[in-house]
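Asks: Provided below are the primary sequence and the corresponding predicted coordinates.
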Amino acid sequence: MKLTSPDSLSGLKRRQSLLYLLIFSLVTIIIWAAFNIFRSQKSEPIPNELLKLARELNPSIDTSVIDALSRKKLFSEAELNNFPIYTIVTDSLRQEILVTIDQAKEIESEKQSQIVKLRAERLVAPTPEPTPETGITPVSTSNSQIQQ
């Protein structure tokens, strides 16, 4: 019989632990691969909306649409610059008014100036100080007067 040293026993235990780790890793990889194969084989029905979107396009071109587009009026740069753009503005009476964008800017600036004036008046206007009425004496609730 051959006698083994403690170093060779610890080496064998280390190899045995490594072997267990490799076997566990191999089993994990096999289970993982089997699960992925099973999952990929499972098919889900395609929703009708996607089927409608995926159908073939008609390769023929309807020339009437192109003709209608070519008959449309084209505007020059100068005409586009003079083209009025309208917006809806609510006035102080809560009525909606249709005005051009330039008029809307003027109305907004007027509103802002009125708001600034009102705020300035509130800051400048002195607040009246309350005057005590005659015949009424102020009552104090401090501890020094209660104990007396």
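Replies: Received, thanks.
Asks: quick one: low-confidence ranges for this protein?
Replies: 1-4, 124-148 (pLDDT under 70).
Asks: go with 90
Replies: Applying pLDDT under 90 to the chain flags the ranges 1-14, 38-48, 50-63, 65-66, 69-148.
Asks: Strands of the chain, start to end?
Replies: Using DSSP state E, the strands of the chain run over 86-90, 96-100.
Asks: and S109, which of these is closest to it?
Replies: strand 86-90 (12.2 Å; Cβ to Cβ). Yep, even glycine has a C-beta here, placed from its N, CA and C like the rest.
Asks: for that closest one, packing partners?
Replies: Applying 3 or more Cβ pairs under 8 Å, 6 or more residues apart in numbering; DSSP states H and E, one finds that strand 86-90 contacts strand 96-100, helix 101-124.
Asks: Return the set of buried residues in it.
Replies: V89 (16 or more other Cβ atoms under 10 Å).
Asks: got a list of contacts for that strand?
Replies: Defining contact as Cβ atoms under 8 Å, 6 or more residues apart in numbering, one finds that strand 86-90 is touched by 96-101, 103-104, 107-108.
Asks: if we can go back for a sec, let's have the helices and strands packed on strand 86-90 in CSV, adding distance to S60 and mean neighbour count.
Replies: Output for those, formatted as CSV (distance: least, Cβ to Cβ, whole Å; neighbours: other Cβ atoms under 10 Å):
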stretch, distance to S60, mean neighbour count
strand 96-100, 44, 12
helix 101-124, 44, 11
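Asks: distance of the residue nearest to Q103 when sequence neighbours are not counted from R119?
Replies: Closest residue to Q103 apart from its sequence neighbours, by Cβ to Cβ, 6 or more residues apart in numbering: V89 at 7.9 Å. Distance of V89 to R119, computed by Cβ to Cβ, to the nearest Å: 22 Å.
Asks: Which helix runs longest in this protein?
Replies: Ranked by number of residues, the top helix in the chain under DSSP state H is helix 6-41.
Asks: what comes up buried for it?
Replies: Buried residues in helix 6-41, counted by 16+ other Cβ under 10 Å: none are found.
Asks: for stretch 69-89, same thing?
Replies: For stretch 69-89, a neighbour-count test (16+ other Cβ under 10 Å) marks V89 as buried.
Asks: Output it in PDB, but only the C-alpha positions, please.
Replies: The C-alpha trace of stretch 69-89 is given here as PDB (Å, rounded to 0.1, in the frame of the first residue of the first chain):
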ATOM      1  CA  LEU A  69     -51.400  67.200 -56.200                       C
ATOM      2  CA  SER A  70     -49.900  69.000 -59.200                       C
ATOM      3  CA  ARG A  71     -53.100  71.000 -59.700                       C
ATOM      4  CA  LYS A  72     -52.900  72.400 -56.200                       C
ATOM      5  CA  LYS A  73     -51.900  76.100 -56.000                       C
ATOM      6  CA  LEU A  74     -48.400  76.800 -54.900                       C
ATOM      7  CA  PHE A  75     -47.600  79.900 -52.900                       C
ATOM      8  CA  SER A  76     -44.500  82.000 -53.300                       C
ATOM      9  CA  GLU A  77     -42.300  83.000 -50.300                       C
ATOM     10  CA  ALA A  78     -43.700  86.600 -50.400                       C
ATOM     11  CA  GLU A  79     -47.300  85.300 -50.400                       C
ATOM     12  CA  LEU A  80     -46.500  83.000 -47.400                       C
ATOM     13  CA  ASN A  81     -45.000  86.000 -45.500                       C
ATOM     14  CA  ASN A  82     -48.200  88.000 -46.000                       C
ATOM     15  CA  PHE A  83     -50.500  85.100 -45.200                       C
ATOM     16  CA  PRO A  84     -52.500  85.800 -42.000                       C
ATOM     17  CA  ILE A  85     -52.500  83.200 -39.200                       C
ATOM     18  CA  TYR A  86     -55.400  83.300 -36.800                       C
ATOM     19  CA  THR A  87     -55.700  82.400 -33.200                       C
ATOM     20  CA  ILE A  88     -58.400  82.400 -30.600                       C
ATOM     21  CA  VAL A  89     -58.000  84.800 -27.600                       C
END
